[in-house]
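1. With the input below, show me the fold.
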Amino acid sequence: MVDKDGKIGINFLIKSKVYMTNYLKKASNWKSILLLFIILGGFNFFAFPRYEAKINEVAEVDFKLLDVRLNYTYEDVVEAFDKIGAEGRSIYAFIVVKIDMVYPIIYGLFLILLFFALIQIVFSQNSKLIYLSLIPVIGVIFDYLENFNTLKLLNNYPNITFQQVKYGSHMTQLKWIFLSLTIGLIIILSIVWLYKRISVKINLIKIIIQKPFGKV
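-> Sure, this is the predicted structure:
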């Protein structure tokens, strides 16, 4: 038997599931996906490079953000933070707070909507596989955990510990694992979608060629 509170909880989950599915169906149109893609381009080709260049200019070294590394050690962080100095660390903190706290939302939405749209095209609108499109959410969560840890390292430097750096590195690795999984599945779905489209066109051409001329 399910008590009253249990029924309320189940009803809430069902309603949330329906609301989420309906929202994704409405939002996963190519205009929204294209808009998010353009915004992503702004982050990747203008915002991040601009402030990375400022750090490099101040530090006079080629600095690589912790976020874009696959992993890092305590020694890597100490060496990097020493090289960029106090001013470089201040710029880095600005990047984390002002840019990298917004960035995961943008790429997360882009990946979710693109993934959702492809699943609907390749399978069906009511396919249970649509819930796979929420995989990017896990990557986004790890990205935020990584960002908060990076900010903590920057604010507390040089008083940082091996454990803090190890935790941050693990969050970075997990972020890349789930984002790579998402991108890999999107690529597979895109190939299947293209194959289906090409197959339909080839079959249509075959029908046209085989149809006798002059016959209606």
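2. hey, let's count contacts and neighbours off CA atoms from now on
-> Fine.
3. Could you say which helix or strand holds residue 107?
-> Residue 107 is part of helix 103-122, with elements assigned from DSSP states H and E.
4. Looking at the very next helix or strand once past that helix now, give me its mean pLDDT.
-> Per DSSP H and E, the first helix or strand lying C-terminal to helix 103-122 is helix 135-156. Averaging pLDDT along helix 135-156 yields 96.
5. before we move on, what about stretch 203-212?
-> Mean predicted confidence for stretch 203-212 is 76.
6. just how off-centre is that stretch within its chain?
-> Distance, stretch centre to chain centre, for stretch 203-212: 43 Å (CA atoms, centre = their mean, to the nearest Å).
7. how about that stretch as PDB, C-alpha atoms only?
-> Extracted as PDB, the C-alpha positions of stretch 203-212 are listed here (Å, rounded to 0.1, in the frame of the first residue of the first chain):
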ATOM      1  CA  ASN A 203      14.600   4.400 -52.800                       C
ATOM      2  CA  LEU A 204      12.700   7.300 -54.200                       C
ATOM      3  CA  ILE A 205      15.100   7.600 -57.100                       C
ATOM      4  CA  LYS A 206      14.900   3.800 -57.700                       C
ATOM      5  CA  ILE A 207      11.100   4.000 -57.900                       C
ATOM      6  CA  ILE A 208      11.200   6.900 -60.400                       C
ATOM      7  CA  ILE A 209      13.800   5.100 -62.600                       C
ATOM      8  CA  GLN A 210      11.800   1.800 -62.500                       C
ATOM      9  CA  LYS A 211       8.500   3.600 -63.300                       C
ATOM     10  CA  PRO A 212       7.800   3.300 -67.100                       C
END
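8. Show me how far the helix holding residue 107 is from its chain's centre.
-> With CA atoms, centre = their mean, you get 8 Å for helix 103-122.
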